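Engineer: Using only what follows, build the 3D model:
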Amino acid sequence: MERIPPDPAANPDRHRAENQRQLREFAESPPYPVHGLRRPVVVPAILGAWETFNGRTTMVCLSYGWCSDAAEPPPAFGRAGAPPGLPRPPAGGTPMAGGVPPYIRVDTGPPGSAGEPADLLGVLLEWSGGPAGVEPVHGRIAQGELCVLGDVWALRLAVDGQAVTVLGRGVDPADVELGPVGDLLPYVVERDRLLAQLCSARSALPEPELAPAHGIAAVRVFLETFVPGGPDAAGSYGALARRAVAELEGVLRCGPVRAKYLVYSMVNQITELRQSVPWFSAPDGPRAAAVEELLRHLVLGQPVASEPAQLLWEQYWSAQQRAADADFDWLYGLWVEAWTDWAQERERAD
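Structural biologist: Below you'll find the model as predicted:
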């Protein structure tokens, strides 16, 4: 199982065929009702991603408006949500009033999720990286709870017992109207069209020129693109990933398969920290120290304070590869607890 979405330019025909199969199967038989944008009209509209955990779908994402990574294949297994699987707000495009291109993402949770607590600020920080020096503004509008952070916003609604979170930019949240999506197939067809366009454009371009980095530094550069507020890999994602694997293989002399496994493990641990450990996305959280200890432990084999958490992750990650649909909630919970303890120890030491 590979939970980083593969770079479609690396082998576009194979990846497109596999992802198209997954997408069509999902669209033909969604696990629960899915809600989408009714007004305003923002195009293109695609099935952006879905998240699963222990074999259960926990979120379905529909994306409206173009952004640079919206046509990447979705994470289809395990705990998804790793960038770039979920579309991010666009950095450019044809602006509307105010100069901001319109973009909306609608995330529908399963039945019964409406009663779950919402962390709209956390969702915004994970999605946008968080504009520097901008304070969030919380409030309520007719549709539901609202959080605004600079020029991006998150809106939480309860629809027929389901939690629906809308993320937006370039659109007034008061103008948003949702409705049930009766057929997801058009969202898949449009996604495939965009993916074909993206792959064609990428195949015509030379390999992007990367800033020099060798050995562990090359791995660190790739990992930092997954850290909240880190650099955007954009079109260099595939090149950065390939270089990280090659450089790690050179350092460890472990072979390409093992090097790829380790890089994917590190990336997925970072994305899970973003999703489940609040301090990792906090502006003043010790995420840089966590990434550094991750590299020291897994690559250099050095003793680190976070070793208990990292050993638990290795157990969890290895178990997920063998049986993705098995119930490892207990192991995942221990891992979250261990990283929480690590951060608290650092805070006490400071």
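Engineer: What strands flank the helix or strand containing V106, and is each parallel or antiparallel?
Structural biologist: For V106, the element it lies in under DSSP states H and E is strand 103-111. Strand 103-111 pairs in its sheet with strand 56-64 (antiparallel), strand 162-169 (antiparallel), by DSSP bridges.
Engineer: and the next helix or strand after it, what does it pack onto?
Structural biologist: Remark: after strand 103-111, the chain's next helix or strand is helix 120-128, criterion DSSP H and E. Applying 3 or more C-beta pairs under 8 Å, 6 or more residues apart in numbering; DSSP states H and E, one finds that helix 120-128 contacts strand 145-149, strand 152-159, strand 162-169, helix 278-281. The C-beta positions use only the backbone N, C-alpha and C, and glycine is treated the same way.
Engineer: Could you say which of the ones you listed is packed most deeply?
Structural biologist: strand 162-169 (a mean of 23; mean count of other C-beta atoms under 10 Å).
Engineer: Next SSE downstream of that strand?
Structural biologist: Next element after strand 162-169 (DSSP H and E): strand 177-180.
Engineer: which neighbours does that next one have in its sheet, and in what orientation?
Structural biologist: Short version: by DSSP bridges, strand 177-180 pairs with strand 35-39 (antiparallel).
Engineer: if we can go back for a sec, mind giving me a markdown table with the helices and strands packed on helix 120-128 and columns for distance to A114 and mean pLDDT?
Structural biologist: Shown next, in a markdown table, are these (distance: least, C-beta to C-beta, whole Å; pLDDT from 0 to 100):
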| stretch | distance to A114 | mean pLDDT |
| --- | --- | --- |
| strand 145-149 | 12 | 94 |
| strand 152-159 | 4 | 95 |
| strand 162-169 | 5 | 95 |
| helix 278-281 | 22 | 91 |
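Engineer: Compare those and give me the one nearest T340.
Structural biologist: The closest of these to T340 is helix 278-281. By C-beta to C-beta, the value is 7.7 Å.
Engineer: could you give me the average pLDDT of the helix or strand following the closest one?
Structural biologist: For helix 278-281, the following helix or strand on the C-terminal side (DSSP H and E) is helix 287-295. Helix 287-295 shows a mean pLDDT of 94.
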